[in-house]
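Asker: curious how this folds, go ahead:
(4 chains)
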2 protein chains.
Amino acid sequence: MEQRPPHAEAGARVLVVDDDPTVAEIVTGYLDRAGYVVDRAGDGPDALARAAAHWPDLVVLDLMLPGMDGLEVCRRMRGHGPVPVIMLTARGDEDDRILGLEVGADDYVTKPFSPRELVLRVESVLRRTRPAPAVGSGLLRVGGLAVDPAARRATKNGTELSLTIREFDLLAFFLRNPGRAYAREELMREVWGWDFGDLSTVTVHVRRLRGKIEDDPARPRIVQTVWGVGYRFDPAGTGEE
Amino acid sequence: MEQRPPHAEAGARVLVVDDDPTVAEIVTGYLDRAGYVVDRAGDGPDALARAAAHWPDLVVLDLMLPGMDGLEVCRRMRGHGPVPVIMLTARGDEDDRILGLEVGADDYVTKPFSPRELVLRVESVLRRTRPAPAVGSGLLRVGGLAVDPAARRATKNGTELSLTIREFDLLAFFLRNPGRAYAREELMREVWGWDFGDLSTVTVHVRRLRGKIEDDPARPRIVQTVWGVGYRFDPAGTGEE
DNA sequence: CGCCGACGTCCGTGTTTCGTAAGGAGCCGA
DNA sequence: TCGGCTCCTTACGAAACACGGACGTCGGCG
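Answerer: Below is the predicted model:
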């Protein structure tokens, strides 16, 4: 009995975010049997962390979450890269629907829902967005720096850089948002997905990144320090060709 | 029937380089229907010649070409001028990806690919490489002075000013409210966010700012003193060009 | 089990920036 | 011209800040 639906992309990665263990369990079970690789998260920060570790092909997102709500999670996720999102909303709550669509959800399912319906929607959205997982997620290139988010590779002037996960994400974020100054808090939120924590963590990772991409790490030109504010990625600092 | 997708840059010129007539035909067809002006070349020299005749806005380049290969074509093309390039590579060939990164492709598509995906990538790259002119993006400009709050950069007649936080905020406030006179109390409230404090603080910072932006700090023309009142930012004083 | 890399945290240090004080110069009205 | 008030200028101590080095932990891998 071929249980796998015709359009289930083999091994597409789905991240399920719901604070209700029962719901998450059922949904996970169905998606798993449908042939997807399923990851689970119980709240917003958890979701962002897991997404950072393994970028999902689609996110099933409960609108109501403890702490950071679904809209916020969706917005931040989109900050890292384009990803289709299916929202789970309270029954017939029109406001929720509107909010969901505004924030850019690709579809929504109202509770209570049938798990089979959800699976169908997942398939549908994946089919719809499949040819374009790369709109905006293509190669990032600024000056002599190139980052390939899909392959998780980065090069400078043609030579490959060996970056750690954090360094890579940090650099990728900078390439996606060149020229702007970011406070450590923002970087911590956008790259780490944390709302709190020691900000010196950011400082240290910036230093480590600099050590790998700057010609003279003591006098950085690519990732500049904005005194009293944070850091800024300067496109002009990347050794142009 | 308006077939043109919303994001097609009107009449952008795309050069398709592929030695396989079938592939070239299909790609050309899709790009043409998407609203682009498409040119075709079957090999390297041909591509260079056509590029010389009509410089393209973007090149879709097969990596495998008879004679001169895609990397060489890309390199030579770049020698004549900056142009975005999308590489067509063999499926999942990691080496090709690396090569694409090194040689400076802006994106790559692995064969076999869906023509629709290619069109989306073309749009994406064109959108990316043609950054919208920063109009209404919060950039403040008066005369020769320019302040970019997001980047936290300030320039005078094109040369960068190195301002401290307070100086920057002060200047930004002035640029946002030109021509009006402000009491020290107001500046302290608006820029510092304090309702109390030594007003000489404002005086000193105004002086420091003057030292960095005035041609002759002893006879300030940009930030003028309004006797018995406070200070006024005078647009006419900014060295217009 | 031990090794090693990645990560987050902490601390000492040098530098930058800030706020205030104080003396001198400038402006204004009598 | 003089006195009073305002503004300019300089200087300085204190605080804030960024940086580099180092350490302990955790997890993966041999």
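Asker: quick check, pLDDT for A:L170.
Answerer: We note a pLDDT of 97 for A:L170 in this prediction.
Asker: same check on the one 10 residues further on?
Answerer: Note on A:R180: pLDDT of 96.
Asker: can you pull the contacts of it?
Answerer: A:R232, A:F233, B:A150, B:A151 (Cβ atoms under 8 Å, 6 or more residues apart in numbering or on different chains). Backbone N, C-alpha and C define where each C-beta goes, glycine included.
Asker: could I get the full set of strands for chain A?
Answerer: All strands of chain A, identified by DSSP state E, fall at A:13-17, A:37-41, A:58-62, A:85-89, A:107-110, A:140-142, A:145-148, A:153-156, A:159-161, A:181-183, A:223-226, A:230-233.
Asker: which residues are contacting the third one?
Answerer: Residues outside strand A:58-62 that contact it (Cβ under 8 Å, 6+ apart): A:12-20, A:23, A:27, A:31, A:47, A:51, A:70, A:73-74, A:77, A:83-88, A:105, A:118, A:122, A:125-126, A:129.
Asker: ok, of these, which come out buried?
Answerer: A:12-19, A:23, A:27, A:31, A:47, A:51, A:70, A:73-74, A:77, A:83-88, A:105, A:118, A:122, A:125-126, A:129 (16 or more other Cβ atoms under 10 Å in any protein chain shown).
Asker: hang on, the earlier thing: buried deepest among the strands of chain A, which one?
Answerer: Highest mean neighbour count of those: strand A:58-62, a mean of 27 (counted as mean count of other Cβ atoms under 10 Å in any protein chain shown).
Asker: chain center to it, what's the gap?
Answerer: Distance of strand A:58-62 from its chain centroid, counting by Cα atoms, centre = their mean, to the nearest Å, is 12 Å.
Asker: can you list the strands that that strand pairs with?
Answerer: Strand A:58-62 has the following strand partners under DSSP bridges: strand A:13-17 (parallel), strand A:85-89 (parallel).
Asker: worst average pLDDT in those?
Answerer: strand A:85-89 - the lowest mean pLDDT of these, at a mean of 82.
Asker: and of the contacts of A:R180, the nearest to DNA strand C?
Answerer: A:R232 (14.0 Å; Cβ to the nearest atom of the strand).
Asker: who are the contact partners of the nearest residue to the closest one once chain neighbours are set aside?
Answerer: The shortest distance from A:R232 to any non-neighbouring residue, by Cβ to Cβ, 6 or more residues apart in numbering or on different chains, is to A:A181 (4.3 Å). Counting by Cβ under 8 Å, 6+ apart, A:A181 makes contact with A:V226, A:V229, A:G230, A:Y231, A:R232, B:A150, B:A151, B:R152.
Asker: farthest-separated two in those residues?
Answerer: A:Y231 and B:A150 (13.4 Å; Cβ to Cβ).
Asker: how about the residues of chain A by DNA strand C?
Answerer: Residues of chain A that fall close to DNA strand C, judged by Cβ under 7 Å from any atom of the strand: A:162, A:164-167, A:192, A:197-198, A:200-201, A:204-205, A:227-228.
Asker: domain-wise, how is chain A divided?
Answerer: As given by automatic domain parsing, the domain ranges for chain A are A:13-129, A:140-237.
Asker: in JSON lines: the residues of chain A next to DNA strand C, plus distance to B:L139 and neighbour count.
Answerer: Listed next are these as JSON lines, based on distance: Cβ to Cβ, whole Å; neighbours: other Cβ atoms under 10 Å in any protein chain shown:
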{"residue": "A:S162", "distance to B:L139": "37", "neighbour count": "9"}
{"residue": "A:T164", "distance to B:L139": "35", "neighbour count": "12"}
{"residue": "A:I165", "distance to B:L139": "35", "neighbour count": "10"}
{"residue": "A:R166", "distance to B:L139": "32", "neighbour count": "17"}
{"residue": "A:E167", "distance to B:L139": "31", "neighbour count": "20"}
{"residue": "A:W192", "distance to B:L139": "29", "neighbour count": "19"}
{"residue": "A:G197", "distance to B:L139": "33", "neighbour count": "13"}
{"residue": "A:D198", "distance to B:L139": "34", "neighbour count": "11"}
{"residue": "A:S200", "distance to B:L139": "32", "neighbour count": "9"}
{"residue": "A:T201", "distance to B:L139": "32", "neighbour count": "15"}
{"residue": "A:V204", "distance to B:L139": "32", "neighbour count": "12"}
{"residue": "A:H205", "distance to B:L139": "30", "neighbour count": "19"}
{"residue": "A:W227", "distance to B:L139": "21", "neighbour count": "12"}
{"residue": "A:G228", "distance to B:L139": "21", "neighbour count": "11"}
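Asker: out of the residues you listed, which comes closest to B:K212?
Answerer: A:W227 (14.5 Å).
Asker: picking up where we left off before, rebuild the strands of chain A as CSV, extending it with distance to B:L58.
Answerer: Formatted as CSV, the strands of chain A follow (distance: least, Cβ to Cβ, whole Å):
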stretch, distance to B:L58
strand A:13-17, 31
strand A:37-41, 35
strand A:58-62, 30
strand A:85-89, 30
strand A:107-110, 32
strand A:140-142, 14
strand A:145-148, 17
strand A:153-156, 21
strand A:159-161, 26
strand A:181-183, 30
strand A:223-226, 29
strand A:230-233, 25
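Asker: mean pLDDT lowest where, among those?
Answerer: Among those, strand A:107-110 scores lowest, with a mean of 74.
Asker: check which helices and strands it sits against.
Answerer: strand A:85-89, helix A:94-103, helix A:115-129 (3 or more Cβ pairs under 8 Å, 6 or more residues apart in numbering or on different chains; DSSP states H and E).
Asker: now it, how far from the centre of its chain.
Answerer: The answer for strand A:107-110 is 20 Å, by Cα atoms, centre = their mean.
Asker: direction included, what does it pair up with?
Answerer: If you go by DSSP bridges, strand A:107-110 pairs up with strand A:85-89 (parallel).
Asker: give the burial count for A:A52, as a bare number.
Answerer: For A:A52, the neighbour count with other Cβ atoms under 10 Å in any protein chain shown is 16.
Asker: cool, A:P66 as well?
Answerer: Neighbours around A:P66, by other Cβ under 10 Å: 9.
Asker: could you pull up the mean pLDDT of stretch A:64-79?
Answerer: 76.
Asker: distance of A:G211 from A:V223?
Answerer: Distance, A:G211 to A:V223, using Cβ to Cβ, to the nearest Å: 11 Å.
Asker: name the residue of chain A with the shortest distance to DNA strand D.
Answerer: Counting by Cβ to the nearest atom of the strand, chain A gets nearest to DNA strand D through A:T225 (3.6 Å).
Asker: is it true that that residue touches A:G237?
Answerer: No - using Cβ atoms under 8 Å, A:T225 is not in contact with A:G237, being 11.9 Å away.
Asker: now A:L48. Nearest residue, chain neighbours left out?
Answerer: Using Cβ to Cβ, 6+ apart, the closest residue to A:L48 is A:G193 (3.0 Å).
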